[in-house]
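Asker: Predicted model and sequence below, questions to follow.
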Amino acid sequence: MILLFFLMATIYIYPFCMLKSTYKKSMQSDLVRMPIYAFWGGLSGLFLLVVFFIKTNPLSHITSEDIHILILFYFVCICGLFLSVLQINWEIQFSKEQSYFLYTSMFGRKTEIPYSEIEKIHRYKGGIVFKYHRKRYFIDFDADRVEDFLPIFNCKTPRSSWR
């Protein structure tokens, strides 16, 4: 069952890796992306957990009281998949000349966001959360090339939206 889960996770991630040229796109100066260690961290964590569970085989003698171990295992596996897919898909395309930026979510959904229509902006320790048309978007401070995007974002967004 665990091997099947690992196989399904690999089959799910593989097409994203083939379709996206991560290294070529990360070299563009007008593209904010999650760092590559998010992908490798998620994938290696998933792999190590699967190897551990295959080696120890805890499912053969699991009882109803130990079901929390199985739930924790699946939770960590899902978090590893989340990090891997986030690094592959999430990006922000911007330009100094344009009045908008293109936000691509974790699931590949692209949204063109004009700077002037951003409703609320909250700055946190790890990033910025802003609202646009009643939806929340997140910009992580650990993302690659975010230091090039933030001055443009700060200058072009209306002062009334900052909180």
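Answerer: Everything's here; your move. Everything quoted here is computed from the prediction, not taken from an experiment. Residues are numbered from 1 along each chain as shown.
Asker: so where's this protein uncertain?
Answerer: 1-29, 37, 56-66, 162-163 (pLDDT under 70).
Asker: which stretches of the protein form strands?
Answerer: Assigned by DSSP state E, the chain shows strands spanning 31-33, 91-93, 100-104, 110-114, 120-123, 127-132, 135-140.
Asker: mind checking how far the first one is from the chain centre?
Answerer: Read it as strand 31-33. 12 Å (C-alpha atoms, centre = their mean, to the nearest Å).
Asker: Quick one: list the elements packing against it.
Answerer: helix 22-26, strand 91-93, helix 146-156 (3 or more C-beta pairs under 8 Å, 6 or more residues apart in numbering; DSSP states H and E). For the C-beta atoms, the positions are set from N, CA and C on the backbone; glycine is no exception.
Asker: what helices or strands is the longest helix seen in the chain leaning on?
Answerer: Ranked by residue count under DSSP state H, the longest helix found in the chain is helix 67-89. Counting contacts by 3+ C-beta pairs under 8 Å, 6+ apart, helix 67-89 is packed against helix 2-19, helix 36-56.
Asker: buried residues in it?
Answerer: Of the residues in helix 67-89, 73, 77, 80-81, 83-89 count as buried by neighbour count, 16 or more other C-beta atoms under 10 Å.
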